[in-house]
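A.B. asks: I need the structure of the sequence given here:
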Amino acid sequence: MDSSVILAVLTGILACGYFADGVELTFELPDNAKECFYQEIDKNVTATLEFQVVTGGQYDVDVTLEAPNKEILYKQMKSQYDSHTFTAKMTGVYVVCFSNEFSTFVHKLVYMDFQVGEEAPLPGIGDHVTVMTQMESSAQEIHKSLNSVVDYQTHHRLREAQGRKRAEDLNERVMKYSLIETVAILLVGIGQVLILKNFFSEKRPQLNSM
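C.D. replies: Down below sits the predicted model:
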């Protein structure tokens, strides 16, 4: 399964989930390329950046997170996956960039989850002046558990796609080496036969000229 099919599958998976404010997507990062994403965040709002390289090369990218005042809040070089949580010190547009500029011919498939703020409560929860009923509390807990299940399923599918891609790459390498080894054995065998045939061939005696 090539990267375009994997990208389509993961995009469909992410489109089915329910998330807080922010962005969650899987994108292709070409070789010698840099992709940046912009997210407006209010002051004192907590946000979480999570990423993972699904396929490509050594499964690593350079990642930077920049505040509106150009301050670097987070930076990782040649990282495969990581998570970073921070609280915005000012209101403005925050920029997260993924760089594959160190790679000359290998493109990457990258998953990013940039969640901003707390998830909105269920409709009707907190509307009452009195304490929530037991049923409302149970509904809230079930909702949180379902969101956790969605997150676990997403990460499981990412790991499965990554493992499948590695297995396909390994299988392709083994196939190439097997073909090269087969050709080498055939050439060595033919060479040995020709050499042995030359050893046992009868040589005609040469007549001395008078």
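A.B. asks: where along the protein do the helices fall?
C.D. replies: Counting by DSSP state H, residue ranges of the helices within the chain are 3-15, 134-200.
A.B. asks: Quick one: mean pLDDT over the first one.
C.D. replies: For helix 3-15, the per-residue pLDDT values average out at 43.
A.B. asks: would you list the helices of the chain in a markdown table and tack on mean neighbour count and distance to residue 108?
C.D. replies: (Glycine included, C-beta is placed from N, CA and C.) Listed next are the helices of the chain as a markdown table, based on neighbours: other CB atoms under 10 Å; distance: least, CB to CB, whole Å:
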| stretch | mean neighbour count | distance to residue 108 |
| --- | --- | --- |
| helix 3-15 | 14 | 9 |
| helix 134-200 | 12 | 11 |
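A.B. asks: Reformat those as CSV; add distance to residue 49.
C.D. replies: Listed next are those as CSV, based on distance: least, CB to CB, whole Å:
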stretch, distance to residue 49
helix 3-15, 16
helix 134-200, 15
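A.B. asks: least reliable of these going by mean pLDDT?
C.D. replies: With a mean of 43, helix 3-15 has the lowest mean pLDDT of these.
A.B. asks: what's the distance between residue 70 and residue 94?
C.D. replies: Spatial separation of residue 70 from residue 94 under the definition CB to CB, to the nearest Å is 11 Å.
A.B. asks: Between those two, which is the more surrounded one?
C.D. replies: When neighbours are counted by other CB atoms under 10 Å, residue 70 and residue 94 differ, and residue 94 comes out ahead with 21 against 7.
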